[in-house]
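Colleague: requesting a structural model of the entry that follows:
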Amino acid sequence: MKKPHVLWAVTVLNDMGYHVLSSNPQVIQINPWSEVYRFETNQGLIILKKVPPALSLESNVIQVLSKVFNADVPQVFSHNQELHCFLMKNAGIQLHEHFKKNFKADVLIQAVQNYIQLQIMASSKISLFFDLGVPDWRLEKLPQLYQALLYEENLLIEDGLTKHELIKLKEIAPKLSAFCNQLSQFKVKDTFGHADFHDKNILIDTRTNHTTIIDLGEVVITHPFFSFLNCIHRAKENFALSDEQYQQLQLACFKPWLALETQENLFEILGIIQQCWSIHSVLGEFRLMKSVDQSAFQALHRQGRLSKNLRYWINQD
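Modeller: Numbering: from 1, shown residues only. Predicted coordinates:
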């Protein structure tokens, strides 16, 4: 028997005049936090995505980003709040797959700069995202989120931390507050942030080189350099960039922020973010854990991710 969201998608497409070539769509991805299918139709490829209730703000976030900021996001044309799913037009292939043949720094730079411009525009309108239920991870909130995570002692011990490490994590809590206070002194402010921004969550239309940001269910309001660092660091790892290439990539991507801060200050901000990025990563993993079916999540063998990043945080002290 077909799943309810697949039946809904077929019905909607038929009602909208699409000729669906097969009512059995191609499965692109199934995991605890999303199911993604692809339909072939007479009007091109259509994507169906279903998410858990806790991440179901995605389609609404996409629509705000599109309508208010004209952002490079998927074109959603129907969604079902009860089934937590939505339909969107196909936007291409993963940038990661495209780059496997030939890494093109200019394409990634343009995609990142477009994303940064979006963040700059959104920084004065973050209430739009709060109204949708986007989590508040602003600098002033991060120390509280960190403290709340440390109260999850049983979960953290099950993930591999020792009681001694938990004590140490509580002792060094003021360090995070100090970093957040430092960051708040600069002109780069909290804004819309993709908590998992990297080349696998950017699509490219290979005919036009137009890029599209996807997987927007895990967005937060936070400091923009957390997602920036994640993206360029993943690019360095995925495509074996040299230190020189990595620095050139940073410099090129920085350009939109030069309207707010000097290059020297931007690198100082990045240095601070590098020191506390692991906490942001832990909070993202913890949020994901709490958003999905726990047994299915555990089956992915992601145990140890929290403790690994928290140990990194301890060892920097």
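Colleague: which residue ranges form the strands in the stretch 1-150 of the chain?
Modeller: 26-31, 34-41, 44-50, 76-80, 85-89, 93-94 (DSSP state E, counting those that start in this stretch).
Colleague: closest to residue 188 out of those strands?
Modeller: Counting by CB to CB, residue 188 lies closest to strand 93-94 out of those; the figure is 28.4 Å. In short, each C-beta sits where N, CA and C put it, glycine included.
Colleague: which secondary structure elements does that closest one contact?
Modeller: Applying 3 or more CB pairs under 8 Å, 6 or more residues apart in numbering; DSSP states H and E, we find strand 93-94 packed against strand 202-205.
Colleague: what residue ranges in this protein score low on pLDDT?
Modeller: The model of the chain has pLDDT under 70 over residues 1, 296-301, 317.
Colleague: pick out the residue closest to the middle of it.
Modeller: Residue closest to the average C-alpha location in the chain (CA atoms, centre = their mean): residue 196, at 2.6 Å.
Colleague: from residue 124, how far off is that residue?
Modeller: Distance of residue 196 to residue 124, given as CB to CB, to the nearest Å: 24 Å.
Colleague: what sits against the residue nearest to the centre of the chain?
Modeller: Residue 196 is in contact with 215, 218, 230, 284, counting by CB atoms under 8 Å, 6 or more residues apart in numbering.
Colleague: mark which of those are part of helices, please.
Modeller: 230, 284 (DSSP state H).
Colleague: between the contacts of residue 196, which is nearest residue 120?
Modeller: Nearest to residue 120, judged by CB to CB, of these is residue 230 at 18.0 Å.
Colleague: follow-up on the earlier one: export the contacts of residue 196 as TSV, with columns for distance to residue 25.
Modeller: Formatted as TSV, the contacts of residue 196 follow (distance: CB to CB, whole Å):
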residue	distance to residue 25
215	19
218	24
230	31
284	29
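Colleague: drop anything exposed from the contacts of residue 196.
Modeller: For the contacts of residue 196, a burial check counting by 16 or more other CB atoms under 10 Å picks out 215, 218, 230, 284.
Colleague: which of the strands of the stretch 1-150 of the chain sits most buried?
Modeller: Mean neighbour count (mean count of other CB atoms under 10 Å) peaks for strand 85-89 among the strands of the stretch 1-150 of the chain, with a mean of 22.
Colleague: which one of the strands of the stretch 1-150 of the chain lies closest to residue 166?
Modeller: Closest approach to residue 166 among the strands of the stretch 1-150 of the chain is made by strand 26-31 (29.5 Å; CB to CB).
Colleague: what is the closest one packed up against?
Modeller: Partner elements for strand 26-31 (3+ CB pairs under 8 Å, 6+ apart): strand 34-41.
Colleague: other SSEs contacting the strand it packs on?
Modeller: Applying 3+ CB pairs under 8 Å, 6+ apart, one finds that strand 34-41 contacts helix 4-15, strand 26-31, strand 44-50.
Colleague: figure out which of the ones you listed is closest to residue 156.
Modeller: Among the helices and strands packed on strand 34-41, strand 26-31 sits nearest to residue 156 (CB to CB), with 23.3 Å.
Colleague: relative to strand 44-50, how tilted is the closest one?
Modeller: In terms of direction (axes from the mean of the first three to the mean of the last three CA atoms, to 10 degrees), strand 26-31 departs from strand 44-50 by 20 degrees.
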